[in-house]
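Peer 1: Predicted structure and sequence below. I'll ask about it afterward.
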Amino acid sequence: MGFKFVVLWTDVALWALFASILAYAIRVSRHDALRVTWRRVLRDAPALCAALVMALFMLVTALDSVHFRRVLASAEGQAAGKVFYDTRTESLLDVVLSRQIGMRETTYSAPLGYLAITKQTVTRDGQTVRELPRLIHGGAHLTDPASQWQADLLQRGLTGAAGGLLVAALLALLAARALAAQHGGTSAALRDILADRTHYPVRALLLTVTIICLLAGPVVAWMGHYHVFGTDRTGNDVLVQTLKSIRTAFVIGMLSTLATLPIAVVLGILAGWFRGWVDEAVQYLYTTLSSVPNVLLIAACVLMVQVALDKHPEWFETGAERSDLKVFLLCVILGVTGWATLCRLVRAETLKLRELEFVQAATAFGVPPGRIMSRHILPNVMHLVLITTVLSFSELILYEAVLTYVGVGVDPSTSSFGGMINLARSEMSRDPVVWWSFAAAFGFMVALVLAANLFADGVRDAFDPRSRALRPRLQRRPAA
Amino acid sequence: MFSYLLRRVGYGLLILIGVNLLTFFLFFTVNTPDDMARLNIGGKRITQAQIDKWKSERGYDRPLYYNEAEQGTAKVTHTVLWERSVSLMMLNFGRSDSARSTDIGHEVSTRMGVSLQLALPLFLLQLIVSVSFSLMLVFFRHTRIDFWGVVLCVLMLSISSLFYIIVGQYMFSRVLRLVPISGFAPGLDAVRFLVLPVFLSLLARLGGEARLYRAMFLEEISRDYVRTARAKGLSETVVLFRHVLKNALIPIITSAGAYLPYVFMGSLVFESFFGIPGLGAFVIEAISGQDFAIVRTMVFLGAALYIASNVLIDIAYTWVDPRVRLS
């Protein structure tokens, strides 16, 4: 079966981003001072655990960022050699979840349920009765659900949890093996991990792994035969939607900050270096931009983009490409409207840096300004860029939900946390209450944002020594 | 002081002109008046005559930036840009683009009162609650209370405000039936409708603010004057409330002042969720109805309020810190 790759705008941007993260990692590993600082991030238990969670989310994003269209089976009367492609754009994640995507019900159904939630009139044995019909896919393998359902759930859940525990235990053993050389044998390493006497907070990391495995195990065990998080109004599996929303959140959170960087850094350095009228002009620009209420400015831009997209249907081949372009443009808009804060920071830092000896020396040696800015100033404001990027990541994810609610966020066809919450508003007032897609969005979003926040705090503490003093600390009891 | 304020207001006017040019460019160049006319009249077949009629009714039937047909200064003044800008600066907002064509100025003035009823108590309560919560954390620093308090803050700021609203509405209005789900009534009745949004908004912003204020207080507490005050034998409470709080007021005013424009503009999300007919809900309606005249007006108003609140913040600095001189 053939297929062709579809390269979406956000895919390109995301892969470029992953590549640049990799390049940064290589640079860190070769750079002594940076390596020490990043090790400090990893020695911080919350930051390390958060990094693990973020990495898992990133894996889902990466899987969901390889898109292709399948070749349609050639129909009769079709010219030979001409290939038609499916209009549906799929990603690798869709292939992994193909079973769940195929398990489509007619409408809402509760998590792990085998019955629909609204009664229907059915004719059975010549009699019309109103009852809750069985779901098409959820629990379809049960012959007598009323008696088997609970036992089946329990059995699968326990099997899954046991599997998860096994994986966690294996990982713990692997970690102990890896540390064996430093701690004098595997069992000594295990004891040290348990007592939290390792250089990196391995115990906390393994605890996080165990929790993730314990949660994921049953979900994996159930999801072949049930809708773990129920289904939405059109009968689609909520779990699939939630997983697909992760990519949207990542795209918005990462690409938007990426879009701010060139403007903010270049203008900030120029303003701080040249001062005078350049500084005045840049200050005027960002004061103007930041004086407009953010949501309004974004709304204005998004409305414009929408009109432009409606006027040019020839820009995209499929609906997926259109909604993707919209997400991409939303990121650009968020970037173009949101550079003021970082620019202000970079400008202030440049003003400070240009008076320092090493810059003065470079000026005295006759190094041209362009070279000074790129070689001496830019590397020294990068920590600001890094801190701002990680800090704004979680804010942007929360912001996406608000924007989608206001009606200027992503397309309804793109699954996103904002869209799920938006729908949840009416679902919560139904009877019976449809709480599951709201709860699923809530759970995943809090996990993602919390991880991002904790990671950002770790990065800030490592790069900005002043903030380390503000950490809440528990005074350790002296060892008995 | 007076000349300083004059300069600030002058710079503010410059900024407003910039904002106006920006929005004008966004709204009229990307989206010509013809497009807007088509959008607002609706329907498939629209004749040029209909479009021209719509444009002349709303005064969009002139060239955008430069009028070739006129003489002298009229080349510039008889354009959409000039007329729109001047009328905005004169606070004459005109009528909305939609079919109902409401008087924007009238809407803004009535709705601003409603927004104020929600936002002003919220603003004051927010300040009191966040400051006292963070002061408590600082008072108990290096103890479990501080540690878990900060953990709670981080958790709370990781939750979207939409979750607070949806869960809060469900809990307090649907299950417990304490307050109406949404709506608004003028006069004292408004309290019933406003209690829940104020409470939820407090909750939604508490995490972030308390953490921020805690950091400010801790920065202040490591200063020399605090050590001196302790050395004098003052109790920790007196040190915190009389010395630290007073000195931390400047950063607190800076961060709280950022909310000042929204005291008048209202909160988009909270107003529309709770059906409160304030300015925030007005904006949401305008965005979903693609009414550009209203959005343009609100952008202008928001910028004007931002500038005004910045001047107010500066004045407040001199008020809390006698060392600050505006010049």
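Peer 2: On my side now, so go ahead.
Peer 1: residue nearest the centroid of the chain?
Peer 2: Since you didn't name a chain, this refers to chain A. Closest to where the C-alpha atoms of chain A average out (C-alpha atoms, centre = their mean) is A:Phe250, at 3.4 Å.
Peer 1: hm, I was asking about chain B
Peer 2: Central residue of chain B (C-alpha atoms, centre = their mean): B:Tyr262, at 2.2 Å.
Peer 1: That residue contacts B:Ala119, doesn't it?
Peer 2: Yes: the criterion here is C-beta atoms under 8 Å, and B:Tyr262 meets it with B:Ala119 at 6.3 Å. C-betas here are computed from N, CA, C, even on glycine.
Peer 1: quick one: the strands in the stretch 1-150 of chain B?
Peer 2: Secondary structure of the stretch 1-150 of chain B (DSSP state E, counting those that start in this stretch): no strands located.
Peer 1: Can you pull the residues of it lying near chain A?
Peer 2: Within the stretch 1-150 of chain B, the positions near chain A by C-beta under 8 Å from any C-beta of the partner chain are B:14-15, B:18-19, B:22-23, B:26-27, B:30-31, B:35, B:39, B:137, B:141-144, B:146-147, B:149-150.
Peer 1: Drop anything exposed from the residues you listed.
Peer 2: Among the residues of the stretch 1-150 of chain B next to chain A, those scoring as buried are B:15, B:18-19, B:22-23, B:26-27, B:30-31, B:35, B:39, B:137, B:141, B:146-147, B:149-150 (criterion: 16 or more other C-beta atoms under 10 Å in any protein chain shown).
Peer 1: pLDDT on stretch A:26-40, on average?
Peer 2: On average, the pLDDT along stretch A:26-40 is 89.
Peer 1: Buried residues, it. List them.
Peer 2: Judged by neighbour count using 16+ other C-beta under 10 Å, the buried positions of stretch A:26-40 are A:28, A:34, A:37-38, A:40.
Peer 1: and if you look at stretch B:183-195?
Peer 2: Applying a neighbour-count criterion of 16+ other C-beta under 10 Å, the buried positions in stretch B:183-195 are B:184, B:190, B:193-194.
Peer 1: so which of those residues are also by chain A?
Peer 2: Okay, of the buried residues of stretch B:183-195, nothing touches chain A (C-beta under 8 Å from any C-beta).
Peer 1: and which of those is nearest to A:Gly272?
Peer 2: For those, the closest approach to A:Gly272 (C-beta to C-beta) belongs to B:Leu194, at 45.6 Å.
Peer 1: I'd guessed the closest one sits against B:Pro121; true?
Peer 2: Yes: when contacts are counted by C-beta under 8 Å, B:Leu194 is listed as touching B:Pro121 (7.3 Å).
Peer 1: And the helices in the stretch 151-300 of chain B?
Peer 2: For the stretch 151-300 of chain B, the helices defined by DSSP state H, counting those that start in this stretch cover B:161-168, B:190-221, B:224-231, B:236-238, B:245-247, B:249-257, B:260-265, B:268-273, B:279-288, B:292-320.
Peer 1: and the angle for the first one with helix B:190-221?
Peer 2: This points to helix B:161-168. Relative orientation of helix B:161-168 versus helix B:190-221 (axes from the mean of the first three to the mean of the last three C-alpha atoms, to 10 degrees): 130 degrees.
Peer 1: so what does the lengthiest helix in chain A touch, helix or strand wise?
Peer 2: In chain A, taking DSSP state H as the definition, the longest helix is helix A:145-183. When contacts are defined as 3 or more C-beta pairs under 8 Å, 6 or more residues apart in numbering or on different chains; DSSP states H and E, helix A:145-183 packs onto helix A:186-194, helix A:202-223.
Peer 1: If you average pLDDT over each of these, which is lowest?
Peer 2: Sorting those by mean pLDDT places helix A:186-194 lowest, at a mean of 84.
Peer 1: If you count contacts, what does that helix end up packed against?
Peer 2: helix A:145-183, helix A:202-223.
Peer 1: For it, give me every contacting residue.
Peer 2: A:172-173, A:175-177, A:179-180, A:182-183, A:198, A:202-203, A:206 (C-beta atoms under 8 Å, 6 or more residues apart in numbering or on different chains).
Peer 1: Output the residues you listed as a markdown table; include the columns neighbour count.
Peer 2: Shown next, in a markdown table, are the contacts of helix A:186-194 (neighbours: other C-beta atoms under 10 Å in any protein chain shown):
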| residue | neighbour count |
| --- | --- |
| A:Ala172 | 20 |
| A:Leu173 | 13 |
| A:Ala175 | 21 |
| A:Ala176 | 23 |
| A:Arg177 | 12 |
| A:Leu179 | 21 |
| A:Ala180 | 15 |
| A:Gln182 | 11 |
| A:His183 | 18 |
| A:Thr198 | 20 |
| A:Val202 | 22 |
| A:Arg203 | 18 |
| A:Leu206 | 19 |
